[in-house]
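> Sharing a model prediction with you, sequence too.
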Amino acid sequence: MQFDEIVGRVQLKEQLRDLVEQNRLSHSILFLGKEGSGALPLAIAFAQFILCERVNAPAKDAAPSLFGDLEPEAPAIVRSDSCGACPACIKASQLMHPDLHFTFPVLKRDSNHNKVLSADYITEWREFIKKDPYGNIDDWIDYLRENSHSKIDNAANKQPNITVHECEDILHQMSLRPFESDFKIQIIWMPEFLGKEGNRLLKLIEEPPAGTIFLFVAEDDTKILPTILSRAQIIRVPLPADDEVEKYLINRGMDTGRAASIASAAAGNLREAMRLGSSEGEQWERIIRDWLNLAISNKVELLSKWIDEVNTMGREKQKQLLNYFISLVRLTVRLKYAGEMAHAMVQSEKEFALKLGSMCEVEILEEMAEELGKAVYYIERNANSKMLFHALTIRLYYLIKEKYLILVK
Ligand SMILES: [Zn+2]
């Protein structure tokens, strides 16, 4: 992965390059960014930047000079991004560089699988990052359950974890000399799942062998071991701006109207943007129209049938449906406030938003978005979806019942 592939955040990339160029790189760096910020792809791009043979070309026979403790006159770095073409870049981009290690929360295969390591699932991890680089921990665990090459026994697994065995493995891996570069980089994703066994790493983090770099990637610094947090240089990864997301979607082949409306709905969350973009917008729209019509007209039998169908979709699709609905509600609010500014919307979405907007005041719409957001939250926590959609239907009914609703095309 190259910086160039990371959405926007030009200044931040500049700052990272400066760290390397000016020898201000710390041995332990924490990339701290909310879900959807792309902190993980950024950390991977940074690792590739450090490993790239053309970026980091220290003078012959000199020890690594990134840390400024040796070789005050380090060779000037001219590149602004990893080259993407040297053997190191190619291996790093496939997450297969022997000096780039990954630690992430995992599940046991079954109750006999005691020494569970991230390395046990490295193939699944590579596939996941390729498919869903902005995915969160739930996406990863869902992916693991559904796609693991060896079946995972759900009963044996309550919680994903970074185990004490993994910490021992890190100590072992990092004690070896680098194989192919001057550096050994350990990326630890979601250190929030690292319990007090993480304290085993402290000595290594404090007195690392030359060229050792820890890159932690986290969403919530309040859930990280304070001992690790206090030893890390913190790099905050902001969410990208709407126009950066829009440009990114357009570059991936999305038409401009849809890209603008999704970027606006996702509010900088790239995970959300990718999900809204991949969902079949029209299909979601039809399902939501049906839902509202059935709710308002109080056709109980048909409504039950609708809920049964949604119930069989599965968690991920239900979340997509609700998030799409939220995006429509947000578009409606935007349309009410800004009128023609919403020209970039897809025509059918605009019609929907106009109708919804004619029935609901902004406060009602905001309440609606909040209810839908709560439903997403509960689905993520395994709520009974049938009950949830029943309750949500009643809530929606009371929110808009005073108004006459025609959402039929
Ligand atoms: Zn390279």
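In hand now; what should we look at?

> Please count neighbours and contacts with C-alpha atoms only from this point.
Noted.

> Would you mark the buried spots in stretch 87-95?
88-93, 95 (16 or more other Cα atoms under 10 Å).

> repeat for stretch 185-199
185-194, 198-199.

> Of these, which is the nearest to the ion?
I185 (15.6 Å; Cα to the ion).

> Check whether L202 sits in a helix, strand or coil.
helix (DSSP: H, G, I helix; E, B strand; the rest coil).

> Can you tell me the number of residues neighbouring the closest residue to it other than its chain neighbours?
Excluding its sequence neighbours, the residue lying closest to L202 (Cα to Cα, 6 or more residues apart in numbering) is I228, at 7.0 Å. I228 has 18 neighbouring residues, counting by other Cα atoms under 10 Å.

> Relative to F389, how far out is I228?
Distance, I228 to F389, using Cα to Cα, to the nearest Å: 42 Å.

> what's the answer for D142, then?
For D142, the distance to F389 - Cα to Cα - is 22 Å.

> With neighbour numbers in mind, choose between those two.
F389 (19 against 13).

> outside of the helix ranked longest in the chain, which residues touch it?
Ordering each helix of the chain by length in residues (DSSP state H) puts helix 315-338 first. The set of residues external to helix 315-338 that reach it, using Cα atoms under 8 Å, 6 or more residues apart in numbering, is 261-262, 264-266, 272, 275-276, 279, 281, 284-285, 288, 310-311, 341-342, 349-350, 353-354, 356-357, 362, 365-366, 368-369, 372-373, 375-376, 379-380.

> show me the contacts for D18.
Neighbouring residues of D18 by Cα under 8 Å, 6+ apart: R24.

> Check I29 too.
Contacts of I29 by Cα under 8 Å, 6+ apart are 213-216, 232-235.

> quick one: contacts for I224?
Counting by Cα under 8 Å, 6+ apart, I224 has contacts 191-194.

> same thing but 7 Å
191-192 (Cα atoms under 7 Å, 6 or more residues apart in numbering).

> just F46 next, same as before
F46 sits in contact with no residue, where contact means Cα under 7 Å, 6+ apart.

> host element of it?
helix 39-51 (DSSP states H and E).

> doesn't T212 make contact with F183?
Yes. Taking Cα atoms under 7 Å as the definition, F183 is a contact partner of T212 at 5.8 Å.

> Give me the contacts around stretch 94-107.
88, 91, 118, 126, 157, 160-162, 178-180, 183-190, 193.

> and with 8 Å instead?
So stretch 94-107 is in contact with 47, 88, 91-92, 116-119, 121, 126, 141, 152, 157, 159-162, 166, 178-181, 183-191, 193, going by Cα under 8 Å, 6+ apart.

> Of those, which belong to helices?
47, 88, 91-92, 126, 141, 166.

> so where's the stretch 201-350 of the chain uncertain?
Filtered on pLDDT under 70, the stretch 201-350 of the chain yields the residue ranges 279-282, 339-346.

> Please export the C-alpha coordinates of stretch 178-188 as CSV.
What follows is stretch 178-188, C-alpha atoms only, in CSV (Å, rounded to 0.1, in the frame of the first residue of the first chain):
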residue,chain,number,x,y,z
PRO,A,178,15.9,-8.3,10.2
PHE,A,179,16.0,-10.6,7.2
GLU,A,180,15.9,-8.3,4.2
SER,A,181,15.9,-4.7,5.4
ASP,A,182,17.4,-2.6,8.1
PHE,A,183,14.2,-2.6,10.0
LYS,A,184,11.8,-4.9,11.7
ILE,A,185,8.3,-3.5,11.9
GLN,A,186,5.6,-4.9,14.1
ILE,A,187,2.0,-3.6,13.4
ILE,A,188,-0.4,-4.2,16.3
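
> Fine by me, we can end here.
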